[in-house]
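Student: Return atomic coordinates for the entry below.
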Amino acid sequence: MADAATRLTALAGELLGEALPVRIRAWDGSEAGPPGAPVVVLRHRRALRRLLWKPGELGLARAWVAGELDIEGDLYLALDLMAGLIWERGGDPKDAVHPVRDPRLRAAARELLRLAGPLPPPAPPAEELRRRTGRLHTRRRDQRAVSHHYDVGNAFYELVLGPSMVYSCAYWERPDATLEEAQRDKLELICRKLGLKAGDRLLDVGCGWGSMALHAARHHGAHVVGITLSAEQAAYARKRIAEEGLADRIEIRVQDYRDVRDGPYDAISSIGMAEHVGSVRYREYADDLYALLKDGGRLLNHQIARRPEGDEAAYHVDEFIDAYVFPDGELAPLGRTLSTLEDAGFEARDVEVIREHYALTLRQWVRNLEAGWDRAAHLTSPGRARVWRLYMAASALSFERNRIGVNQILAVRTPEGGGSGMPLRGRTWGSAP
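Tutor: All right, here's what the predicted structure looks like:
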């Protein structure tokens, strides 16, 4: 089939109503599109079949994960150009390639079907989590969702995250800081916001590989209980703790936050955890954390937020994220999170927006992944490595473009008498140890 790229470029322009901003290289070696632009490589006609059978984000993602679609050139630029073309056109992206009445568009669609070939739609890649049924955010379903994302292998996370083993937004006090320095500074900032001191009891909800627990115990003398639903994370964290001789001050549990009953705690850290809770459970989550704190105890909630929707009932999780990255994860606007915490009884004392910091963090994680690409693919699968490269690069752009943000909310269980225990000028947060 000669010059498939030229035909695809022309047909895409017909269907989308504007020229493609990227070049196309097709499976027959042909190439077309604006010179110097990033190149979208269609390695096999199966990629086109995926897009026709599942137009929009999920079809593109399946072709990418399967290795049938690739990008040569600046990945971030290509994603930015394609986001403006498909995801931000206003309305359902499926409408762009589902012509009904216009004879010209129907003819273009038929030509695309001929190019794609007559075979049925390919099966989704093995890395895609199959459709879930039943109620959202039951204990069993949450356990499965967490395992899908976090039980990929600790060696893979070491490669991506680096020595800090912190899987949340770093805090870049200097633009030339290393990732490890920025993650250390983030953990230290949280400890200071919580006002941790020797002997305090800290509950770390969603403790990951134990980095927050280790920092709080090592540098602030806290006694820490860390909880996670990932058995692999827990085993890794316990090993680190034993090696540092801190087993007498840190306990790691494989436990759901709904089952913690040994309060009161002086402080609670929830870092990148609340995104997994879901809107149907968030008030229960806030109530549980409030009940676990002593009077005057502090909560530091570090959470990704989305922009508010004009119609909040229309919000839905991105198909790619739900199927490949964070099953059942949900983002809430900052205002809703604050309101829910206040409804549970908390007094909100400080909100710090660190959106740009996450873009810097994600770009560093992408660099780590790309530098160790062959090993990453061996540790998991080529498809899983491709999932991570796409989701982290696209997420970096989303933070940079203010499509999503990340915030640290400091809240207090202020007693009835009103004594919050907070300094008059909280933003100094005390001194680093």
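
Student: For the rest of this, base every contact and every neighbour count on C-alpha atoms.
Tutor: Noted.

Student: can you give me the helices for the stretch 151-300 of the chain?
Tutor: Taking DSSP state H, counting those that start in this stretch to define them, one finds helices in the stretch 151-300 of the chain at 154-161, 179-194, 211-220, 231-243, 282-292.

Student: Tell me which other helices or strands the shortest one touches.
Tutor: Using 3 or more Cα pairs under 8 Å, 6 or more residues apart in numbering; DSSP states H and E as the contact criterion, the elements in contact with helix 154-161 are helix 231-243, helix 355-371, helix 373-379.

Student: Quick one: mean pLDDT for the helix or strand containing G383?
Tutor: Secondary structure from DSSP states H and E places G383 in helix 382-400. Average pLDDT, helix 382-400: 96.

Student: ditto for stretch 189-202
Tutor: pLDDT averaged over stretch 189-202 gives 98.

Student: Can you dump the C-alpha atoms of that stretch in PDB for me?
Tutor: C-alpha atoms of stretch 189-202 as PDB (Å, rounded to 0.1, in the frame of the first residue of the first chain):
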ATOM      1  CA  LEU A 189       8.800  20.700  55.200                       C
ATOM      2  CA  ILE A 190       5.900  18.300  56.100                       C
ATOM      3  CA  CYS A 191       7.500  17.400  59.400                       C
ATOM      4  CA  ARG A 192       7.900  21.100  60.300                       C
ATOM      5  CA  LYS A 193       4.300  21.900  59.300                       C
ATOM      6  CA  LEU A 194       3.200  19.100  61.500                       C
ATOM      7  CA  GLY A 195       5.400  20.500  64.300                       C
ATOM      8  CA  LEU A 196       6.800  17.000  65.000                       C
ATOM      9  CA  LYS A 197       9.000  16.600  68.100                       C
ATOM     10  CA  ALA A 198      10.600  13.700  69.900                       C
ATOM     11  CA  GLY A 199       8.100  11.200  71.200                       C
ATOM     12  CA  ASP A 200       5.200  12.400  69.100                       C
ATOM     13  CA  ARG A 201       3.000   9.700  67.500                       C
ATOM     14  CA  LEU A 202       2.700  10.100  63.700                       C
END
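
Student: Go ahead and name everything in contact with it.
Tutor: With Cα atoms under 8 Å, 6 or more residues apart in numbering as the test, stretch 189-202 has contacts from 216, 220-225, 265-269, 298-300, 410, 429-432.

Student: switch the cut-off to 7 Å
Tutor: With contact meaning Cα atoms under 7 Å, 6 or more residues apart in numbering, stretch 189-202 is reached by 216, 220-225, 265-268, 298, 300, 429-430.

Student: ditto for stretch 59-72
Tutor: 38-44, 46-47, 50-51, 124-125, 320, 383, 386-387.

Student: how far does it sit from the chain's center?
Tutor: 19 Å (Cα atoms, centre = their mean, to the nearest Å).

Student: Would you work out how far apart the start and end of it are?
Tutor: One end of stretch 59-72 to the other measures 19 Å (Cα to Cα, to the nearest Å).

Student: Excluding chain neighbours, what is closest to W53?
Tutor: P121 (6.4 Å; Cα to Cα, 6 or more residues apart in numbering).

Student: so what's the one you found up against?
Tutor: 49-50, 53.

Student: Could I get the residues you listed in a markdown table, plus columns for neighbour count and secondary structure?
Tutor: Formatted as a markdown table, those follow (neighbours: other Cα atoms under 10 Å; DSSP: H, G, I helix; E, B strand; the rest coil):
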| residue | neighbour count | secondary structure |
| --- | --- | --- |
| R49 | 23 | helix |
| R50 | 24 | helix |
| W53 | 13 | helix |
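
Student: Give the rounded mean pLDDT of stretch 164-171.
Tutor: On average, stretch 164-171 scores 97.

Student: Sorry, wrong one. I was asking about stretch 23-33.
Tutor: Over the span of stretch 23-33, the pLDDT mean works out to 96.

Student: quick one: contacts of that stretch?
Tutor: 1-6, 9, 22, 34, 37-45.

Student: let's see 6 Å
Tutor: With contact meaning Cα atoms under 6 Å, 6 or more residues apart in numbering, stretch 23-33 is reached by 3-6, 34, 37, 39-44.

Student: what's the answer for stretch 236-254, then?
Tutor: Counting by Cα under 6 Å, 6+ apart, residues outside stretch 236-254 touching it are 209-210, 223-229.

Student: one step back: distance to P333 and pLDDT for the contacts of P121 - can I get that in TSV?
Tutor: Compiled in TSV, these are given as follows (distance: Cα to Cα, whole Å; pLDDT from 0 to 100):
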residue	distance to P333	pLDDT
R49	36	91
R50	33	91
W53	33	86
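
Student: now, which of those sits nearest S395?
Tutor: R50 (23.0 Å; Cα to Cα).

Student: show me the residues around that closest one that make contact.
Tutor: R50 touches G59, counting by Cα under 6 Å, 6+ apart.

Student: so what's E158 up against?
Tutor: Neighbours of E158 in contact, by Cα under 6 Å, 6+ apart: none.

Student: switch the cut-off to 8 Å
Tutor: M165.
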